[in-house]
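> how would this look folded up:
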Amino acid sequence: MSSAGGALEFTLAEDLLGLVEDECAQSPVLLVLDDMHWADPSSRTLVGCLAREVAALPLVVVCAARLLPRRPELERMAEAIGARGGAHVYLGPLDEATCEAMAEELTGGEPGPELSARLGSCGGNPLFVSELLGALAAEGVMHTRADGSVEVNAAGLPPSLALTVLGRLSFLTSGVVEVLTPYRSETAPGPWGGLRWGRSTPAIKPRPWLLRPGAEA
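Numbers count the residues shown, from 1 in each chain. Sure, this is the predicted structure:
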């Protein structure tokens, strides 16, 4: 990066910091920065400026990021925040009851046994839960029963959800992604039945850490 580009980023960060300070002069401020795993240099510079000033301001800054991918520059930013007293909070997967409550809110009915089983295979990942429900609804295989519960009536994984899973694994090397390349399989159990693991190496089986949020390889 050129010196001019770096100076521009610093100037932008200082301007934004000035806006935050103005808000803090009026009332306490909670600033939430999501998806920091995709943060550009300007955003990381801003967070660094905020970390230096937060102790002197009525300000709480929350930065949210996935555990993976974990770029070196993000690690350095996290270490710098920790050195200034910042706390690191790990958010684990949602439990079964929370996943079912989320599904009930999204579908308008309590999940039936088959749908509950599929929700349980989402590994507590809220994105996968919502994508699963959206994909099942789009496929027209989800219905409301007479007792008000919501159930599914077809096997296999909707193609759109398979693509979502692979999208979440896009930080993996091309060789690993090749192993995970999906094609239809109606025999595999659970909502991940449409992912045929190991196209060229059928002996490979799915590993739970691939779908469990917060797990590391």
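> buried ones in stretch 139-152?
139, 142, 149-152 (16 or more other C-beta atoms under 10 Å). Backbone N, C-alpha and C define where each C-beta goes, glycine included.
> swap in stretch 91-111?
Those would be 93-94, 99-100, 102-103, 107, 109-111, for stretch 91-111 by 16+ other C-beta under 10 Å.
> Report the two of the buried residues of stretch 139-152 separated the most.
Maximum pairwise distance among the buried residues of stretch 139-152 (C-beta to C-beta): 18.7 Å, between Glu139 and Ser149.
> Now for the buried residues of stretch 91-111: which two are most distant?
Pro93 and Gly109 (23.4 Å).
> Which other helices and strands does the host helix or strand of Ser116 contact?
For Ser116, the host element (DSSP states H and E) is helix 113-120. With contacts defined as 3 or more C-beta pairs under 8 Å, 6 or more residues apart in numbering; DSSP states H and E, the packing partners of helix 113-120 are helix 96-107, helix 126-139, strand 150-152.
> Can you read off the pLDDT for Arg76?
Here, the pLDDT recorded for Arg76 equals 86.
> mind pulling up the phi and psi values for it?
Here is the backbone geometry of Arg76 (degrees, to the nearest 10): phi -60, psi -40.
> and it, how many neighbours?
12 (other C-beta atoms under 10 Å).
> so where do the strands sit in this structure?
Applying DSSP state E to the chain gives strands spanning 29-33, 59-63, 142-144, 150-152.
> Take those and write them to JSON lines, including distance to Cys122 and mean pLDDT.
Output for the strands of the chain, formatted as JSON lines (distance: least, C-beta to C-beta, whole Å; pLDDT from 0 to 100):
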{"stretch": "strand 29-33", "distance to Cys122": "25", "mean pLDDT": "92"}
{"stretch": "strand 59-63", "distance to Cys122": "25", "mean pLDDT": "91"}
{"stretch": "strand 142-144", "distance to Cys122": "15", "mean pLDDT": "90"}
{"stretch": "strand 150-152", "distance to Cys122": "14", "mean pLDDT": "92"}
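> Generate CSV for the ones you listed, with distance to Pro126 as supplementary columns.
What follows is the strands of the chain, written out as CSV (distance: least, C-beta to C-beta, whole Å):
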stretch, distance to Pro126
strand 29-33, 17
strand 59-63, 17
strand 142-144, 18
strand 150-152, 18
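> So which of these is nearest Cys49?
Here strand 59-63 is closest among the strands of the chain (C-beta to C-beta), at 10.5 Å.
> so who does Leu133 touch?
103, 106-107, 142 (C-beta atoms under 8 Å, 6 or more residues apart in numbering).
> if we can go back for a sec, taking helix 96-107 as reference, get the angle to the helix holding Ser116.
110 degrees (axes from the mean of the first three to the mean of the last three C-alpha atoms, to 10 degrees).
> could you dump helix 113-120 to PDB, C-alpha only?
This file holds the C-alpha atoms of helix 113-120, laid out as PDB (Å, rounded to 0.1, in the frame of the first residue of the first chain):
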ATOM      1  CA  PRO A 113     -40.000 -35.100  14.600                       C
ATOM      2  CA  GLU A 114     -38.500 -35.200  11.000                       C
ATOM      3  CA  LEU A 115     -37.800 -31.500  10.900                       C
ATOM      4  CA  SER A 116     -36.400 -31.500  14.400                       C
ATOM      5  CA  ALA A 117     -33.900 -34.200  13.300                       C
ATOM      6  CA  ARG A 118     -32.800 -32.100  10.400                       C
ATOM      7  CA  LEU A 119     -32.400 -29.100  12.700                       C
ATOM      8  CA  GLY A 120     -30.200 -31.200  15.000                       C
END
